[in-house]
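Novice: predicted model follows, preceded by the sequence.
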Amino acid sequence: MIYTYKLVERLKDSEASSIFHVNYCGEPRVLKVFHNNGDPGYASDHIRDLDRSRCEIRAYCRLKRFKICDAGFVPQFYGYMLAINPTSWAPHLDAFQHDTGLPCAVLMEYLPNVLLMNCVTYTKVRMEKAAIGIRKIHSALIEHNDCYPKNIVIIPGNQEKVLWIDFDVAIVYPNDAYVGERERGYMEFEAKVVESFGRKLVCYPRTYQHLLLQI
């Protein structure tokens, strides 16, 4: 399977993962590879997963099943890989060689020329699309749990799209039975926070932009 991939460039590194632009079967894609240094398990509520790779995989599987990807509120999701051998991807995955376990990865839509939502790119229409998007995500029983403008991207063009990214700390509720008044309150609060970003980006652009850079 690895021979169908060609790594084009490294896009971003963090403590938890590395993101690559890849060519998969002749199509541009994004491969997000997660470090594996042991399973941190679950939070005390036994619902919130502390493993970033599982969070992202479960979230995208749910988003795909609920057709949120197809609706254009999040990137398209093409699948995931478990237990990747970093040696087979040398030298690109050399940073994963010393992990205690084998890395996992998700394959997603490649989004060229993206803009991040900030005080420069903000418009009322774009923020309204982001607010609709977060509620669509909630409809799939997913709490994004990191709903800052840094995770909102804009795809310019004749049919401009505004998408949510980065679900590696998302809370994916198994089914409706796990979503009571408290959980719905969390999601409603998250939606209200997103709706408030527009006012802050317009009224306090410099202060708010400085705050975002520290998140």
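Specialist: Okay, I see it.
Novice: when you work out contacts or count neighbours from here on, use the C-alpha atoms and nothing else.
Specialist: OK.
Novice: where do the strands of this structure begin and end?
Specialist: Along the chain, the segments classed as strands by DSSP state E run 5-13, 17-24, 27-34, 77-81, 104-109, 115-116, 142-143, 152-155, 161-164, 171-172.
Novice: same for the fourth one, what does it pack against?
Specialist: The elements that strand 77-81 packs onto, with contact taken as 3 or more CA pairs under 8 Å, 6 or more residues apart in numbering; DSSP states H and E, are helix 52-65, strand 104-109.
Novice: output the contacting helices and strands for the longest one.
Specialist: In other words, helix 52-65. Judged by 3+ CA pairs under 8 Å, 6+ apart, the packing partners of helix 52-65 are strand 77-81, strand 104-109, strand 171-172.
Novice: about what we covered before: residue 181: which of the helices and strands packed on strand 77-81 is closest?
Specialist: Across the helices and strands packed on strand 77-81, residue 181 has its closest neighbour in helix 52-65 (21.4 Å, CA to CA).
Novice: run a quick neighbour tally on the residue nearest to residue 151 when sequence neighbours are not counted.
Specialist: Distances taken as CA to CA, 6 or more residues apart in numbering place residue 165 nearest to residue 151, at 5.2 Å, with adjacent residues excluded. Counted with other CA atoms under 10 Å, the neighbours of residue 165 add up to 17.
Novice: what's the answer for residue 132, then?
Specialist: Other residues lying near residue 132 total 17 when counted by other CA under 10 Å.
Novice: begin at 677 from now on, thanks
Specialist: Sounds good: first residue 677 from here, last item residue 808.
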